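> Please work out how this folds:
(chains A and B)
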Amino acid sequence: MNPKPPADQHEKTALEAAEYYLSMADLSEQEVRDSINEIPSVSVDATWPQVHVSGASGQHNAFMRMNHTVTLHVDGNLGDYAFAHNTKTDIRLSGSTGHGVGEGMRGGSIRVRQNAGIGVGTAMVGGTLAVYGSAGPRCGAAMRGGGIFVRGDVGDETGVGAIGGMIVIGGDAGHNLGDAMNNVTVFIRGQASSLAPGVTEASLRKREQLRLGLLLINASIRGDSSEFRRVVPIAMLRAEESQRGEINPNWR
Amino acid sequence: MTDKLAPLCLLPPTLDTSWIGLAPHGTSHTISRRNDTPLELATPLFWFDPPWHVLPIETADALAHAVAKVGITVSALHRDVSSPGSQSHFFAADVPVSAPRMLPYRPERYGLSPEDFDDCGIVDVRLNVCRDETGAHVYSQSQIQRWEATTDASPVAGGSWVPATTFPPDVVSPDNLGPKLSQLRTLARGAAIFVSLGPFRLAEELNRFLARQTDERQMPDGVIVRLDQATLSPLQLAQHTLHIRKLVDTLGQEGLPLWIAPESITPDDAARLIAIGASGVAVDSWCAEFVEELVNPSEATAASFGYTANGIVISGESARSRLNAWVSDALTPRVARFNGLCRSLNSDPAHRLGSFDREWSKALGVKYVGL
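Numbers count the residues shown, from 1 in each chain, chains lettered A, B, ... in the order given. The predicted structure is shown next:
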């Protein structure tokens, strides 16, 4: 499979990123992936090639295990498990996704311009996953690291089984937000229908405001970190208070 | 260990059978994958749920490798038997292809890495909630620490256990498992996709997962039933195996591999389960003997492998060779016995079994061979 017909590749100067145009309407998802993998790798610090993919129309299992230093712009909607196990790639989707977007991702970034289904970022380990619309239930379930940002609302059981990482909710949350048994940090700007047993809301400490502010900027989400509250296990909060603000790692 | 299913006899051929030799296919076991090439196993024995975290990581790796060399399919994640950045012998290329690696795909996916999908032969989608050593539906601190190693200063979950779940959180409901199976086919190209279930609500659950889908890729290639989660009498074990086989068949899945994970089992009983209708049998009880000996070594074992503050650490070619020999000496005769008995099975399943016990004969619908 040739990467692209030369006519579709815009030649750029050395200082500009090369741009590639591919269509899922003309090529299978595997062919699109093969084409992307043929693009020469660049260093992390260099300007990454820009790959524009059109023709996304709800395909399932698209662009899983991406491990290439490109910025991928996908125009349209994708189905379930899009971008699962992403390792390096910087991904922007103009539409919505089905369930399990970014499942198990380990690095890179994913930005979904519209909505996502259930299980956003399930079991993710690292990287940044941003949803600019709303997300369904079990967002961030079993996550182990990285950050999830949802500008809108999230569904029930957000953060269930998560043992690390951060979830930032710009809107409201459904029932059972948080998990008393985990280490995940949840920040919320709106209201939760209910909190999971054993967790409580607390105000942000100064250093968390600073950290969250930086993360919001990185995720291109407008907002003042002081508008957010954090949702933490009660046991962890007590441990913090007894340690004068320093978290005791063995808080349970 | 005695044969629990001894009342069941593997019937020899009738007198008018002209000549009996080895079956041309031996005991090879073929798993037909949906719309894809079949997977061949040398023997349908597997180590379903090894407690890797109780062993030092090097020892776990060496033991997994040694058992796989005997031809037994072994279930493990990279993080079960190797730490980040280190090389695993079990996952190296020289493990015999006749013993494919099994990837345990738990609902929570703790410890799972993308590399686990590479070169695995079977993906086991676990749809039954786990129990730790205490019996709780949790993962122990030591188990989580093996999968998600962190520094002592910031242990996972505050240094305590982590609750387990029953179902993948990125699947809408048990009736919508198909897209997940399809995803796993894409991630683990070349692997067979199995689902493993507990024994308690099988009629309902099998109906959900084996109901015909328009897309074959959304159907499992096989089912594993954890009969080890219940305490069954020998007759109940045989009956359950028979009934599950019939249930799978009545759902239109005749020939779908049905793997049974029993409690302790002998080679003869494993062959009897095959005769009843199982397609594969877990031999966790055989392999548990090695784990027990490595965790609580006798003087001879400690002298052979060397004992450290972390227990027996199998590292280096010499120690691995000794472990391979030890495992092979213990397992090869059992595997050979199982394979031999399976080769002797009547080609007609209806004439494989008989019993001198009227109760067993009636309960299982096998020929009464007493006078």
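> what sits against the residue lying closest to residue A:153 once chain neighbours are set aside?
With C-beta to C-beta, 6 or more residues apart in numbering or on different chains as the criterion, residue A:153 has its nearest non-adjacent residue at 4.0 Å, and that residue is residue A:171. For the C-beta atoms, the positions are set from N, CA and C on the backbone; glycine is no exception. By C-beta atoms under 8 Å, 6 or more residues apart in numbering or on different chains, residue A:171 lies in contact with A:134, A:150, A:151, A:152, A:153, A:154, A:189, A:190.
> from memory residue B:205 sits against residue B:197, does it?
Yes - between residue B:205 and residue B:197 there is a contact at 5.4 Å, judged by C-beta atoms under 8 Å.
> thinking again about what came up before, for ChimeraX, write the select line for the buried members of the contacts of residue A:171.
Of the contacts of residue A:171, the buried ones go into a single ChimeraX selection, burial set by 16 or more other C-beta atoms under 10 Å in any protein chain shown:
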select /A:134,150,151,152,153,154,189
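> If you check the stretch 51-200 of chain A against chain B, which residue is the closest one?
At 2.8 Å from chain B, residue A:119 is the closest residue in the stretch 51-200 of chain A, using C-beta to the nearest C-beta.
> neighbours around that residue, how many?
Residue neighbour count, defined by other C-beta atoms under 10 Å in any protein chain shown, stands at 30 for residue A:119.
> Test my guess that it contacts residue B:170.
Yes - assessed by C-beta under 8 Å, residue A:119 is found in contact with residue B:170 at 2.8 Å.
> any residues in contact with both of the two?
By C-beta under 8 Å, 6+ apart, residue A:119 and residue B:170 have these common neighbours: A:99, A:100, A:103, A:138, A:141.
> out of these, which is most surrounded?
Ranking these using other C-beta under 10 Å puts residue A:100 first, with 33 neighbours.
> Show the pLDDT at residue A:141.
Looking at residue A:141, its pLDDT is 95.
> May I have the phi/psi pair for residue B:202?
In terms of degrees, to the nearest 10, the main-chain angles of residue B:202 are phi -60, psi -40.
> any idea how far the closest residue to it other than its chain neighbours lies from residue B:282?
Distance criterion C-beta to C-beta, 6+ apart; nearest residue to residue B:202, sequence neighbours excluded, is residue B:244 at 6.2 Å. Distance check for residue B:244 against residue B:282: by C-beta to C-beta, to the nearest Å, it reads 14 Å.
> Of these two, give the one with the bigger neighbour count.
Counted by other C-beta under 10 Å, residue B:244 and residue B:282 do not tie: residue B:282 has more neighbours, with 29 against 23.
> right, and that one touches residue B:72 too?
No - contact criterion C-beta under 8 Å: residue B:282 and residue B:72 do not qualify, at 9.6 Å.
> Mutual contacts of these two, please.
By C-beta under 8 Å, 6+ apart, the residues touching both residue B:282 and residue B:72 are B:45, B:46, B:47.
> Switch the residues you listed over to CSV; also include pLDDT, neighbour count and secondary structure.
Below are these laid out as CSV (pLDDT from 0 to 100; neighbours: other C-beta atoms under 10 Å in any protein chain shown; DSSP: H, G, I helix; E, B strand; the rest coil):
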residue, pLDDT, neighbour count, secondary structure
B:45, 96, 28, strand
B:46, 97, 26, strand
B:47, 97, 23, strand
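> residues in contact with residue A:108?
Taking C-beta under 8 Å, 6+ apart, one finds A:66, A:86, A:87, A:88, A:89, A:90, A:91, A:127, A:128 in contact with residue A:108.
> Let me have those residues in JSON lines, extended by distance to chain B and pLDDT.
Listed next are the contacts of residue A:108 as JSON lines, based on distance: C-beta to the nearest C-beta, whole Å; pLDDT from 0 to 100:
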{"residue": "A:66", "distance to chain B": "10", "pLDDT": "94"}
{"residue": "A:86", "distance to chain B": "9", "pLDDT": "96"}
{"residue": "A:87", "distance to chain B": "7", "pLDDT": "94"}
{"residue": "A:88", "distance to chain B": "12", "pLDDT": "92"}
{"residue": "A:89", "distance to chain B": "13", "pLDDT": "95"}
{"residue": "A:90", "distance to chain B": "18", "pLDDT": "95"}
{"residue": "A:91", "distance to chain B": "16", "pLDDT": "97"}
{"residue": "A:127", "distance to chain B": "13", "pLDDT": "94"}
{"residue": "A:128", "distance to chain B": "18", "pLDDT": "94"}
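> so of the residues you listed, which ones are in strands?
Judged by DSSP state E, these include A:90, A:91, A:128 as members of strands.
> burial measure for the last one, as a count.
Spelled out, it's residue A:128. Residue A:128: 22 neighbours (other C-beta under 10 Å).
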